[in-house]
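*Asks:* could you look at this predicted model? Sequence included:
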Amino acid sequence: MKLPIFLDNHSTTPMDPRVLETMLPYFVEKFGNAASRNHQFGWEAEEAVEHARKQSAKLINCDAKELVVTSGAAESDNLALKRAVAMHKEEGDHGITCMTEHRGVLDPC
């Protein structure tokens with residue numbers, strides 16, 4: 001076999017066909033922004049996000065309000081780091097990382 005081998009599943013991963021089937025309407029028909037709360041497109045998207053949040057919470061046995069949905073890893077890293085710094089502000093105003101860290105971590109640092 002001489003096909004290329006992709007070893008960076010952290011950057012992207014194959015989508016489970018069941019996920020694609022569920023998401024397809026939101027890619028081609030129901031393409032509203034869940035943060036747009038003043039029209040039907042946004043309401044439908046927000047409802048879908050909340051449904052997914054409840055399903056995910058059930059899988060990991062937590063409250064749906066504990067889950068934060070972001071657009072990707074860099075945003076998640078940024079949010080987590082800023083929250084960690086805010087929580088530990090009384091302990092000091094510095095953090096430690098290294099130059100080989102991902103940009104999603106280095107930039108907020």
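*Replies:* Cool, the structure landed.

*Asks:* where in the protein is pLDDT low?
*Replies:* By pLDDT under 70, the low-scoring segments of the chain are 1.

*Asks:* what about the residue nearest in space to the middle of the chain, distance to residue 90?
*Replies:* Central residue of the chain (Cα atoms, centre = their mean): residue 70, 3.5 Å from the mean position. According to Cβ to Cβ, to the nearest Å, residue 70 and residue 90 sit 27 Å apart. Just so you know, the C-beta spots here come from the backbone N, C-alpha and C atoms, and that holds for glycine as well.

*Asks:* buried sites along the longest helix along the chain?
*Replies:* The single longest helix within the chain, with elements called by DSSP state H, is helix 40-60. The neighbour-count check on helix 40-60 (16 or more other Cβ atoms under 10 Å) flags 44-46, 48, 53 as buried.

*Asks:* make a markdown table from these and add distance to residue 19 to it.
*Replies:* As requested, the buried residues of helix 40-60 are arranged in a markdown table below (distance: Cβ to Cβ, whole Å):
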| residue | distance to residue 19 |
| --- | --- |
| 44 | 18 |
| 45 | 16 |
| 46 | 19 |
| 48 | 13 |
| 53 | 15 |
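
*Asks:* widest-spaced pair of those residues?
*Replies:* 44 and 53 (15.0 Å; Cβ to Cβ).
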